[in-house]
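Asks: make a model of this:
(one chain, ligands or ions: 1)
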Amino acid sequence: MAAGSSLLNQEQLDLLPKELYWGSRELYQWEGFWYAADLLQGTLTLQSGYEARSDDVILASSMKTGSTWLKALCASIMGSQSKGDDSEENDELLVKNPHFIVKGLEYLVGRYNTTPDDLSAMPSPRLFHTHVPYSALPDSIKNSECKIVYIVRNPKDTLISSWHFFNKVFRQPNEEPYPLEKAYDDFCRGIHQFGPFFDHALQYWNKSLKNPEKILFLKYEDLKKDPEGEVTKLASFLGRPFQNKQQVEKVLWRSSLERLKNLEVNKDDSQPGLIMSSFFRRGVVGDWKNYLTEEMEQGLDVITRLKLEGSGLHFEI
Ligand SMILES: Nc1ncnc2c1ncn2[C@@H]1O[C@H](COP(=O)(O)OS(=O)(=O)O)[C@@H](OP(=O)(O)O)[C@H]1O
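Replies: Alright, predicted model coming up:
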């Protein structure tokens, strides 16, 4: 790496292990995880330039595990609700897709030309998201008092959700979907953006066990099963406990899939490269049963068991 620079030049990039994802997208392996080149550059720039503040909140997740939902919930809890005015006109979710309210750090820096100085100029409290694995987070995030909320989802639904998502964003409507067998194979080998999925989840899981005050570890399935309980826990963790049951219900309704997917702002697919509706699909636990063969189900169950053995992390479905 060039002295004084966090960026890799093409020659250095070419020395990294490389794989094609979805048949055409280049991913590079850096310290055990797979990245698109620009997002790897963004990650490295953040490592040297991001200055965490103790009141930052960082949402973290693998892809397709409930990030949009978590963004909506936290934006709602930290936005209008905690400012004491939760009237409809103060609900940002009405006018912005959750991904535009809570932006991805590595996307801002690696893809959209935001500099660490721009991030430093943002007012507190800052709410960001990242798909970056724990090991690749900037030290300032790890060492400061800022909070991290991680969301995970069972691997089989994560795979199926990714398959639908990337068929929509990487393929033309008239194109055949990417073969599910190949997507399954990529997922099992850990070759997907920010993968391997299990290593990603385990890093945050282990850190959350060591430091539960800093990292709250949530599961998509628990949020579905007990939304009030999980969201109450989330609000307290963020230092913005609910005052009454109405607040819990309002945050849940405002962030709900049924509401968000029907808002005009989330149906607008007119901007090139931005398919707003692709973030909202069915949100059903166990949807994988409609797609995976018995062989795939068993194969992924074996990998899950082997990877998570002894960790205390488990998925019920
Ligand atoms: N508000 C809300 N409530 C519950 N579930 C929701 C919500 N918003 C999105 N979803 C479902 O989450 C899946 C998308 O995952 P992510 O949001 O992590 O995608 S991304 O990584 O940000 O692209 C995807 O799951 P599937 O429907 O199973 O594909 C979305 O439908």
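
Asks: now name the helix or strand holding E181.
Replies: Taking DSSP states H and E as the criterion, the element that holds E181 is helix 180-188.

Asks: other SSEs contacting the helix or strand following that helix?
Replies: Counting by DSSP H and E, the element after helix 180-188 in chain order, helix or strand, is helix 197-210. Applying 3 or more Cβ pairs under 8 Å, 6 or more residues apart in numbering; DSSP states H and E, one finds that helix 197-210 contacts strand 147-152, helix 155-170, strand 215-219, helix 294-308. All C-beta atoms are positioned from the backbone trio N, CA, C, and that covers glycine.

Asks: in CSV, list the ones you listed along with mean neighbour count, mean pLDDT and distance to the ligand.
Replies: Output for the helices and strands packed on helix 197-210, formatted as CSV (neighbours: other Cβ atoms under 10 Å; pLDDT from 0 to 100; distance: least, Cβ to the nearest ligand atom, whole Å):
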stretch, mean neighbour count, mean pLDDT, distance to the ligand
strand 147-152, 24, 98, 7
helix 155-170, 21, 95, 3
strand 215-219, 21, 98, 12
helix 294-308, 14, 97, 16
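
Asks: for the most centrally placed residue in the chain, phi and psi?
Replies: Nearest to the mean C-alpha position of the chain, by Cα atoms, centre = their mean, lies S61 at 3.4 Å. For S61, the backbone dihedrals are phi -170, psi 160 (criterion: degrees, to the nearest 10).

Asks: also E145?
Replies: phi -90, psi 10.

Asks: poorly predicted segments of the stretch 51-200 of the chain, please.
Replies: Low-confidence segments of the stretch 51-200 of the chain (pLDDT under 70): 80-85.

Asks: get me the contact residues on it for the ligand.
Replies: Where the stretch 51-200 of the chain comes near the ligand, counting by Cβ under 6 Å from any ligand atom, the residues are 61, 63-69, 72, 157, 161, 164-165.

Asks: mind doing that once more with 5 Å?
Replies: Neighbours of the ligand within the stretch 51-200 of the chain, by Cβ under 5 Å from any ligand atom: 63-65, 67-69, 161.

Asks: related to what we said a few turns ago, residues in contact with the helix holding E181?
Replies: Contacts with helix 180-188, where a contact means Cβ atoms under 8 Å, 6 or more residues apart in numbering, come from 21-23, 155, 158-159, 162-163, 166, 192, 195, 197, 291-292, 296, 299-300, 303.
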